[in-house]
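Peer 1: Quick check, what structure comes out for this input:
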Amino acid sequence: MYLRYVAMGDSFTEGLGDERADGQPRGWADLVALGLAAATPEPVGYANFAIRGKLLGPIVAEQLQPALALKPDLLTIVGGGNDIMRPKVEISYVIDLLEQVVESAQATGARVVMLSGANPSRHLPLGSLMQKRGDRLADAARAAFVRPGVTLVDNWADTELEQKKYWSVDKLHMNALGHTRVAGNVLRALEVPVPAEWSNLELTAAGVRTQSTAAYYREFVVPWIGRRLTGRSSGDGRPPKRPTLQPVEVA
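Peer 2: Now for the predicted structure:
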């Protein structure tokens, strides 16, 4: 059983799109931690270094060593989604960085779970470009990381997650239903029971809110373009989500 779980990543691992009543993101990693805690009578510690908007290079440079310093027995890593949204990306560079995480974590004895993001391209502007790049990254990850010692949770291949009902209003981040499905994918890959109550999850009003095309562009696309043009990120100045191992409380 896994008693020290540490997550690395970007907005996907931070949990954007699955906000609690107080506005703070929950997300699949929090749910995985709950699933691990529910499956064992022993205390489970959980830390999450994810920061929204991060490219994979900064994720590895800034999160890997602090994550390993916590001596996890389970480490999850997600990255590359922001890289494939930039004008240019080298898929081999992304894979090399992920390999660095795998090798460093395995050297400490941690089990490494690597996740691919779900595929949002059906609903996004310029979705065909995202589809092509996402396919290339997913194929490269399967070639590199389907091997002993690494668990690859291939959410890109989970076609169920492509449905609109799993996505938040920004069309880029999953809602509570999507994050819950991803958490289930991870727990099943770890052979940990998925809590039965997750099957009864209902979408919140925020999870099904719709907008006109013009409103969508004003709220999400134009600010995103502005950040790209000025070299800013939505995560600038934000601390890691949960940078210390804290006990997981099971209700």
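
Peer 1: Can you name the element that comes right after the helix or strand of the chain with the lowest mean pLDDT?
Peer 2: For the chain, counting by mean pLDDT, DSSP states H and E, helix 222-230 ranks last in confidence among helices and strands (a mean of 54). Moving toward the C-terminus from helix 222-230, the first helix or strand encountered (DSSP states H and E) is strand 242-247.

Peer 1: Please name every helix or strand in contact with that next one.
Peer 2: strand 45-48 (3 or more C-beta pairs under 8 Å, 6 or more residues apart in numbering; DSSP states H and E). In short, each C-beta sits where N, CA and C put it, glycine included.

Peer 1: from the middle of its chain, how far away would the strand it packs on be?
Peer 2: In terms of C-alpha atoms, centre = their mean, to the nearest Å, the gap separating the centre of strand 45-48 from the centre of its chain is 14 Å.

Peer 1: So which elements touch the next helix-or-strand element following it?
Peer 2: Along the chain past strand 45-48, the next helix or strand (assigned with DSSP H and E) turns out to be helix 56-69. Packed against helix 56-69, as judged by 3+ C-beta pairs under 8 Å, 6+ apart, are the following elements: strand 4-8, strand 74-77, helix 91-107.

Peer 1: Go through helix 56-69 and flag the buried ones.
Peer 2: Of the residues in helix 56-69, L56, P58, I59, V60, Q63, L64, A67, L68 count as buried by neighbour count, 16 or more other C-beta atoms under 10 Å.

Peer 1: And the average pLDDT for it is what?
Peer 2: For helix 56-69, the mean pLDDT works out to 98.

Peer 1: now swap in stretch 84-94 and tell me
Peer 2: Stretch 84-94 shows an average pLDDT of 91 in the prediction.

Peer 1: for the stretch 101-250 of the chain, which spans come out with low pLDDT?
Peer 2: Residues of the stretch 101-250 of the chain that meet the criterion pLDDT under 70 lie in 201-236.

Peer 1: Spell out the residue ranges of the helices in it.
Peer 2: Counting by DSSP state H, counting those that start in this stretch, the stretch 101-250 of the chain has these helices, from start to end: 127-145, 176-189, 213-216, 222-230.

Peer 1: For these, state which one has the densest average packing.
Peer 2: helix 176-189 (a mean of 22; mean count of other C-beta atoms under 10 Å).

Peer 1: That helix packs against which elements?
Peer 2: When contacts are defined as 3+ C-beta pairs under 8 Å, 6+ apart, helix 176-189 packs onto helix 28-38, strand 111-116, strand 150-154.

Peer 1: Any chance of a markdown table for the ones you listed, columns distance to Y166?
Peer 2: Rendered in a markdown table, the data for the helices and strands packed on helix 176-189 read as follows (distance: least, C-beta to C-beta, whole Å):
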| stretch | distance to Y166 |
| --- | --- |
| helix 28-38 | 12 |
| strand 111-116 | 15 |
| strand 150-154 | 15 |
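
Peer 1: between those, which gets nearest to P239?
Peer 2: Relative to P239, the nearest member of the helices and strands packed on helix 176-189 by C-beta to C-beta is helix 28-38, separated by 16.1 Å.

Peer 1: Throw the helices of the stretch 101-250 of the chain into JSON lines and include distance to A38, thanks.
Peer 2: Rendered in JSON lines, the data for the helices of the stretch 101-250 of the chain read as follows (distance: least, C-beta to C-beta, whole Å):
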{"stretch": "helix 127-145", "distance to A38": "28"}
{"stretch": "helix 176-189", "distance to A38": "10"}
{"stretch": "helix 213-216", "distance to A38": "37"}
{"stretch": "helix 222-230", "distance to A38": "37"}
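
Peer 1: between the ones you listed, which gets nearest to V6?
Peer 2: Proximity of the helices of the stretch 101-250 of the chain to V6 was assessed by C-beta to C-beta; the nearest stretch is helix 176-189, lying at 13.7 Å.
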